[in-house]
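Participant: here is my input, please return the structure:
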Amino acid sequence: MDKYYLYILSVHIIFMVSWMAGLFYSVRLFIYHTEAEDRPEMERKVLQLEYEKMERKLWHIITTPAMVLTLLAGIAMIFIRPGLLQAPWLHVKLCFVAALLVYHFICQHIMKLLRLGKSRFSSFQLRLWNEVATILLVAIVFTVVLKSAVDWFYGLIGLVIFAVVIMAAVKWYKYYRKKHDC
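Facilitator: Down below sits the predicted model:
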């Protein structure tokens, strides 16, 4: 039974990486899509149509299927090792995964709003939004790797500090872009 568990764990990790890559790149496309608003009309139309096509293909061919396969592999691992449900770290991980699912579906909604021309997010807000996935990824990986070896209070403090550093870096980059006209 352990051999099957390790195969499924490998599949779980592979598709989790694909899911995260899809989320990261989707939001990056949302940023470019939003910034295309500042282009001359003809250029804007061409760019936005291209971004819509790229967003749609990435979302439906990679991101969402990878999410589904990640979840199915995770469920299969719990089916093979039901004792995992007794582990407190798994409950914490599942909370972060639930947050990542919410993030996924909010991204899907943002993509729809962009396609309809109704998005009210600035490129800066989307840059901040992109970092939420990074924070969730870090939280999930540390939870799984450290399991019960981590003191949750200090882990939470570390995650908050990490989030503040990431958000400050995005703010600094906005300042840098403005100053250097990038």
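Participant: list the contacts for Glu43?
Facilitator: Ala36 (CB atoms under 8 Å, 6 or more residues apart in numbering). Quick note: C-beta positions are derived from backbone N, CA and C, even for glycine.
Participant: please identify the buried residues of the top helix by length along the chain?
Facilitator: Identified as the longest helix of the chain according to DSSP state H is helix 2-35. Residues 8-9, 11-12, 15-16, 18-20, 22-23, 25-27, 29-34 are the ones in helix 2-35 that count as buried (16 or more other CB atoms under 10 Å).
Participant: number of nearby residues for Gln86?
Facilitator: Gln86: 8 surrounding residues under other CB atoms under 10 Å.
Participant: the residue nearest to the spatial centre of the chain and Ala76, how far apart?
Facilitator: Residue closest to the average C-alpha location in the chain (CA atoms, centre = their mean): Ala133, at 3.4 Å. Distance, Ala133 to Ala76, by CB to CB, to the nearest Å: 24 Å.
Participant: please, which helix or strand holds Ile140?
Facilitator: Per DSSP states H and E: Ile140 is located in helix 123-146.
Participant: point out where the protein drops to low pLDDT.
Facilitator: 1, 148-153, 181-182 (pLDDT under 70).
Participant: chain center to stretch 76-91: distance?
Facilitator: The gap between where stretch 76-91 is centred and where its chain is centred comes out at 23 Å by CA atoms, centre = their mean, to the nearest Å.
Participant: first vs last residue of it, how far apart are they?
Facilitator: End-to-end distance of stretch 76-91: 16 Å, with CA to CA, to the nearest Å as the criterion.
Participant: for stretch 38-47, buried residues please.
Facilitator: Those would be Leu47, for stretch 38-47 by 16+ other CB under 10 Å.
Participant: go on, stretch 140-148?
Facilitator: Judged by neighbour count using 16+ other CB under 10 Å, the buried positions of stretch 140-148 are Ile140, Phe142, Thr143.
Participant: and if you look at stretch 107-125?
Facilitator: For stretch 107-125, a neighbour-count test (16+ other CB under 10 Å) marks Cys107, Gln108, Ile110, Met111, Leu114, Arg115, Ser119, Phe121, Ser123 as buried.
Participant: how about CSV for the residues you listed, with distance to Leu84 added?
Facilitator: Below are the buried residues of stretch 107-125 laid out as CSV (distance: CB to CB, whole Å):
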residue, distance to Leu84
Cys107, 28
Gln108, 29
Ile110, 33
Met111, 33
Leu114, 39
Arg115, 40
Ser119, 40
Phe121, 38
Ser123, 41
